[in-house]
Each structure stands twice: as structure tokens, then as C-alpha cells.
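In: return atomic coordinates for the entry below.
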Amino acid sequence: MKNIAVIGLGTVGQLHAANLAAHREAELSAVCDPRPEATKFIREETGALVTTNVSDLFDTRPDAVIVSSSTATHGDIVRECVAAGIPFLCEKPLSRDLQSAEEIVGSVQESGLVAATALNRRFDRQYASMRDAVIAGGIGQCELLCFTSRSTAPPTVEFSRTSGGLFAEKGSHFFDLARWISGEEPEELFAMGSVLVDPAFGDVGEYDTAIISMRMRNGLLCRFDFSWRTAYGQDERIEIHGSEDLLTSHQDPVGTIVQADGRWMRRGNRLATWQERFAETYRQELDAFLSVLSTGVPHPVLATLDDGLMAQRIGEAARKSAAQGVLCRICS
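Out: All right, here's what the predicted structure looks like:
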């Protein structure tokens, strides 16, 4: 039985805590969050230690921690993990600053510590099946990868400003999927961004709508279109065009939308929120991390720190490209 602690109890942190509390092979030993309202459920429903101080949490010597606190705190927390020799699974990005993220990855590699990046969409059944088909050559030569992600509702502007915005917060999942599905590395990209959902995003130098075109080193082309808004649920799709076939992901509707204003009535389907659609992927990601902790054997799906670092590099290149209107090379 592994004792696992969770740092940060936002939406994703609460998912991690709930999955640990229900797990047969792990125990939620401690949680850390400065907000009493966030820890109320943990305090009432589990025997986990509740603290507002990361140092107090480390004093309990957990077997590993899951870092799901605000993005700005990731770097300092994972450095403490490395110094204390405590394995960790960290939500992306590893650090807000790319250089410090690279330094952290280097220190983890030197220490031999078990560590991973939380990129849960790799565990989606459809996406994994599509990857298997591509890697096996089932669609011939992979020529175009197209990713769409439009969110049910935007994050707060302040969250977007501190989390890395549309390219880092949302985009990193799909930049990682492009590498993972194709087995290829990125070479260059061009990005365009607009402010169409809320003018306040522009006030803090962020975008709420974007398109990115990326070329992989073997010539494969990838396209990403992102938005922080839909009126019909989490709209997330992948299309993979190959020389011999086409693969597309499918979304099952979970409800009906009826709109009427006196002039007409329209019916449509509501798609699942990201919490509904990807709930199982968080459980499978936890299982994979626990497997690595127990066996020391790398998991074939679980994203490494290097994977997270590359997703961050792509996001930084996209941010620069959109801001300057230039084609950006991606350096590994």
C-alpha cells in the first residue's frame, strides 16, 4: 500500500484525491491547500492529514506526491521533492519558466528519482487506439493530424494569465498527443491568436481563440484549433489522414439542448464536459504511476518529464509565433 499525498485541491487535485481515496493499492495520506473550503471534504471523509504548509506534508514522508497546485508553484514544489528524494507526478507544466523546467529535469535524471508528467489524455481509449493504428501502419503513411479542442466554459482570466494561457494550459495536451500518436518530433510552427470570447484575456496579453500549424521532422503536418468557449459541451476531436485511410475520434452526446426564442426552435446534442469525458483517464494515469513506483519499470503510456518539457517548448514557440507573427523553430 503506497501512501500518496496531493498538493493543491483545485478541480484536478480533487479528482486525484478522490481517486486515491477509493484506490485499493494506495492510500491518500495527506493533502495540502491553503483554502479551508477546499479541504473540507478530505477532513470529513478520509483519515488524511490536512495541512496548509508543504513542509508539514513532506514531514509525513509520503511514498510519492501528486502536484496539482497552481502553475506558479510547480517549480518550487518539485525542487523540494527532488531535495527530499520523494517521487512525484506533476501536472503540466513542470515550471512556468522553460529554463528552470529544463534544470529540474536534469536534476531529476541525475538523482534517479521516479517522476512523471500528468498528461492524462494519453489514457483515453479512443486516442490510444488511434495511436496503435498509426504505429502499426494501419492507415499507411501518416500525413495530416488535426486536433480540435473547444472548452465548455473559459477559465478565469487570472487563472489563464498564471497558468500559461491557451497555448500552455490547453495546448500542451494536444502538442503531446501529436508527438505520441505520430512517433515523430516537431520541427517548426506558426500560430495565430485572437480575443473573441472575453476582452479581458487581451488585457493580460492572452488569447482565447487560436490556430497553430506545425511541421514534424519527417514532413507530417499537424493543425490545432483551440477555443475557450462552446455552448454545447467539451468539443474535442482528432482526425488522422493517412495515405491509405482516415481515422476520426467520436463523441457520444450526453443530453439534448433545446433553444427557442419565439421565432424558431432548435434541438442539438450536449457533449460531455471534460470532467465527464476524461474521468477514467485520471484513474488509469494513477494506476500507471503506482505501477512505476512499485516496479521501477517505465510505463509505456505515462508521460515522462521529457515529454512534458517538449510540450512546454512547443507551447512557448506557439506563444512567440502568435505574438511576433513569425515562423518558429522548435529546439529539443
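In: buried stuff in stretch 111-122?
Out: Under the neighbour-count criterion of 16 or more other C-beta atoms under 10 Å, stretch 111-122 has 113-122 buried. C-beta coordinates here come from the backbone N, C-alpha and C atoms, glycine included.
In: greatest separation within those: which pair is it?
Out: Within the buried residues of stretch 111-122, Leu113 and Arg121 form the most distant pair, 24.6 Å apart (C-beta to C-beta).
In: circling back to that earlier point, take the buried residues of stretch 111-122 and keep only those in strands.
Out: Using DSSP state E, the subset of the buried residues of stretch 111-122 located in strands is 115-118.
In: ok, the nearest residue to Glu185 once chain neighbours are set aside - contacts?
Out: Using C-beta to C-beta, 6 or more residues apart in numbering and skipping the chain neighbours, the partner closest in space to Glu185 is Arg217 (5.3 Å). Neighbour list for Arg217: 184-187 [criterion: C-beta atoms under 8 Å, 6 or more residues apart in numbering].
In: hmm, back to that, out of the ones in strands among the buried residues of stretch 111-122, who's nearest Gln234?
Out: Comparing every one of these with Gln234 (C-beta to C-beta), the shortest separation belongs to Ala118, at 18.0 Å.
In: now that closest one: closest residue in space, sequence neighbours ignored.
Out: Glu91 (4.6 Å).
In: tell me where the stretch 151-300 of the chain has helices.
Out: Remark: helices assigned in the stretch 151-300 of the chain by DSSP state H, counting those that start in this stretch are 157-163, 165, 171-182, 199-203, 274-277, 279-295.
In: and the longest one, what does it pack against?
Out: Pointing back at helix 279-295 there. strand 2-7, helix 11-21, strand 115-118 (3 or more C-beta pairs under 8 Å, 6 or more residues apart in numbering; DSSP states H and E).
In: change it to 10 Å
Out: Applying 3 or more C-beta pairs under 10 Å, 6 or more residues apart in numbering; DSSP states H and E, one finds that helix 279-295 contacts strand 2-7, helix 11-21, strand 26-32, strand 64-67, strand 88-91, strand 115-118, helix 125-135.
In: same deal with the first one?
Out: Helix 157-163 makes packing contacts with helix 71-84, helix 199-203 when contacts are defined by 3+ C-beta pairs under 10 Å, 6+ apart.
In: could those be laid out in CSV, adding mean neighbour count and mean pLDDT?
Out: Converted to CSV, the helices and strands packed on helix 157-163 look like this (neighbours: other C-beta atoms under 10 Å; pLDDT from 0 to 100):
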stretch, mean neighbour count, mean pLDDT
helix 71-84, 18, 94
helix 199-203, 15, 93
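In: put together CSV for those, with distance to Asn19 on each row.
Out: As requested, the helices and strands packed on helix 157-163 are arranged in CSV below (distance: least, C-beta to C-beta, whole Å):
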stretch, distance to Asn19
helix 71-84, 20
helix 199-203, 32
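In: so for Phe289, which of the ones you listed sits nearest?
Out: Among those, the nearest to Phe289 by C-beta to C-beta is helix 71-84 (13.6 Å).
In: counting by contacts, list what the closest one packs against.
Out: Using 3+ C-beta pairs under 10 Å, 6+ apart, helix 71-84 is in contact with strand 2-7, helix 54-59, strand 64-67, strand 88-91, helix 98-111, strand 115-118, helix 157-163.
In: so who does the closest residue to Gly255 other than its chain neighbours touch?
Out: Nearest non-adjacent residue to Gly255, counting by C-beta to C-beta, 6+ apart: Arg270, 4.0 Å away. By C-beta atoms under 10 Å, 6 or more residues apart in numbering, Arg270 lies in contact with 152, 230-234, 253-257.
In: hmm, 6 Å instead?
Out: 232-233, 254-255, 257 (C-beta atoms under 6 Å, 6 or more residues apart in numbering).
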